[in-house]
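S.K.: Dropping a prediction and its sequence here:
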Amino acid sequence: MNLRSLNQNIYIFLCFILLLLTNSYFTYEESLVFGARDGFDYFAIAHELGNIPQEKLVYHKAWRFVIPSIVGFIAKFFDLNTYLVFRIFALIGTLSAIYLFNLILKKLKLGISHIFFLNLIFIFNPYLFRYFIANPTMLNDLVFVNSALLIILSYVKNDKNLFYVGLLLGLLTRQNAIFYLISLILVKIIFKNNSFFKFKDIIFSMILTLLIFSINNNFANLYTEYNDAYSFTNRFNLLTFNYSINEFIIYNLFLLIIIIPIFAYVFMERKIFLKKIIKSEFYLLLFFIAFFICSTAYVNGPNMTGKNLIRLCNLVYPLIILLIVYPFKLNKNKNIGFKFIYIPIIFLWSFHPTFSKVEIFNFLKLLY
């Protein structure tokens, strides 16, 4: 495959089309069964906008009301099916994330061949875009993926405006966007005057966080009652040790599903490990955001998080890819035989037994 003879964007777009052709498309009722139970609250906010019954909503999901409200407003304004509008935005959000990730890779100058293969890993992750396309009511999480990408892109493009857009989208969609602010503060403390971020950025980010969180909390308090979803016992259920060794081992193996393809690619293409990269502010920003987002999911443990660990860590999957790949100077167009084997393997890897129409892995449906 000579990626220089044709615009690699064509290949990436064809990968996206292939994803769409092989993906499952659940109805709203099916989505509640197949991995999007949270979508009940988001759909209720959108579909019953202006007349939301209090008893229907869960506090921490009602907190994330902005995106579903926008969906509901558009559906009512244009007299469209609410679930259809969720699906349209899910497709737009998927394309947006692919575009932003591709732009980041180009800005980092990783090489045209490597950019293609890393996009391949990103697009065909069996738990990422397949999940959102099949279950479009989980749009909040997809917007959060885009928010993380915008924050990283702001750094590589030296554009603070992109940072604030990313921060705002994150704050509107998930509570753990607080870790964007914490990561910002940490890198500022470490790099002081050499940091990309100024003191005024921290102040403005804190004000924006307090404002958005206050609005979201007020909405949640208005339409539901607080529950214990964020209690210490639930948030740190891992520390209760009320699970078996086998359950703990299986719990930790879940993440291997999404990170083995990255490590395999780096193992075959690595040339030099660049120590200076892991000491840079950019790398530490990646690390802090990814670490905090993933660790908050992980500490819930096998009983509370379970297989959702993959979905929640996928919120920062492009950052995980960069964390693993970026410290290495990769070979140029080496291991051609490996790459021709790697492409069909990645394509097969993407066939989730639930979110894909291809039934090759159906025997793993209860585990995968």
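M.R.: Sure thing, it's come through.
S.K.: Can you tell me the SS state at Tyr25?
M.R.: coil (DSSP: H, G, I helix; E, B strand; the rest coil).
S.K.: Spatially nearest residue to it (excluding sequence neighbours)?
M.R.: Leaving out its chain neighbours, the residue that sits closest to Tyr25 by Cβ to Cβ, 6 or more residues apart in numbering is Ala134, at 6.4 Å. Backbone N, C-alpha and C define where each C-beta goes, glycine included.
S.K.: so who does the one you found touch?
M.R.: 23-26, 31, 34-35, 354-355 (Cβ atoms under 8 Å, 6 or more residues apart in numbering).
S.K.: One more pass at 10 Å, please.
M.R.: 23-26, 30-31, 34-36, 87, 90, 352, 354-357 (Cβ atoms under 10 Å, 6 or more residues apart in numbering).
S.K.: Weed out the non-buried ones from those residues.
M.R.: Among the contacts of Ala134, those classed as buried by 16 or more other Cβ atoms under 10 Å are 23-24, 26, 31, 35-36, 87, 90, 352, 354-356.
S.K.: just to revisit the earlier point, what distance do you get for the residue nearest to Tyr25 to Arg87?
M.R.: 10 Å (Cβ to Cβ, to the nearest Å).
S.K.: shared neighbours of those two, which are they?
M.R.: The contact lists of Ala134 and Arg87 share 25-26, where a contact means Cβ under 10 Å, 6+ apart.
S.K.: Would you map the helices across the stretch 151-300 of the chain?
M.R.: Taking DSSP state H, counting those that start in this stretch as the criterion, the stretch 151-300 of the chain carries its helices at 160-173, 178-191, 199-223, 232-235, 245-253, 256-269, 275-278, 281-298.
S.K.: Show me what the mean pLDDT comes to for the longest one.
M.R.: Helix 199-223 shows a mean pLDDT of 94 in the predicted model.
S.K.: just checking, what packs against it?
M.R.: If you count contacts as 3 or more Cβ pairs under 10 Å, 6 or more residues apart in numbering; DSSP states H and E, helix 199-223 packs onto helix 39-47, helix 59-62, helix 66-77, helix 160-173, helix 178-191.
S.K.: Over to the fifth one?
M.R.: With contacts taken as 3+ Cβ pairs under 10 Å, 6+ apart, helix 245-253 sits against helix 301-304.
S.K.: Give me the most central residue, this structure.
M.R.: Leu315 (2.2 Å; Cα atoms, centre = their mean).
S.K.: could you measure it against Val165, distance?
M.R.: 17 Å.
S.K.: Then Val85?
M.R.: For Val85, the distance to Val165 - Cβ to Cβ - is 22 Å.
S.K.: repeat for Lys200
M.R.: On the measure of Cβ to Cβ, Lys200 and Val165 end up 17 Å apart.
S.K.: Now do the same for Ile360: its pLDDT.
M.R.: 75.
S.K.: Touching, it and Pro126? I think so.
M.R.: No. Using Cβ atoms under 10 Å, Ile360 and Pro126 do not qualify as a contacting pair, with a distance of 11.6 Å.
S.K.: Find residues that contact each of those two.
M.R.: Common neighbours of Ile360 and Pro126 (Cβ under 10 Å, 6+ apart) are 348, 351, 353.
S.K.: rewinding a little: from the contacts of Ala134, which shows the smallest pLDDT?
M.R.: Scoring those by pLDDT puts Gly35 last, at 85.
S.K.: which residue packs closest to it, ignoring adjacent ones?
M.R.: Asn135 is the one closest to Gly35 (Cβ to Cβ, 6+ apart), at 5.8 Å.
S.K.: And for Gln8?
M.R.: Phe116 (5.0 Å).
S.K.: Can you tell me the element the one you found falls in?
M.R.: Using DSSP states H and E, Phe116 sits in helix 112-123.
S.K.: Going by neighbour count, list what's buried in that helix.
M.R.: So for helix 112-123, counting by 16+ other Cβ under 10 Å, buried means 113-123.
S.K.: any idea which of the residues you listed is the one closest to Lys106?
M.R.: Ile115 (6.4 Å; Cβ to Cβ).
S.K.: Could you pull up the residues touching the closest residue to that closest one other than its chain neighbours?
M.R.: Among residues not flanking Ile115 along the chain, Leu105 sits closest, at 4.4 Å (Cβ to Cβ, 6+ apart). Contact partners of Leu105, counting by Cβ under 10 Å, 6+ apart, are 111-112, 114-116, 118-119, 122, 156, 318, 321-322, 325-326.
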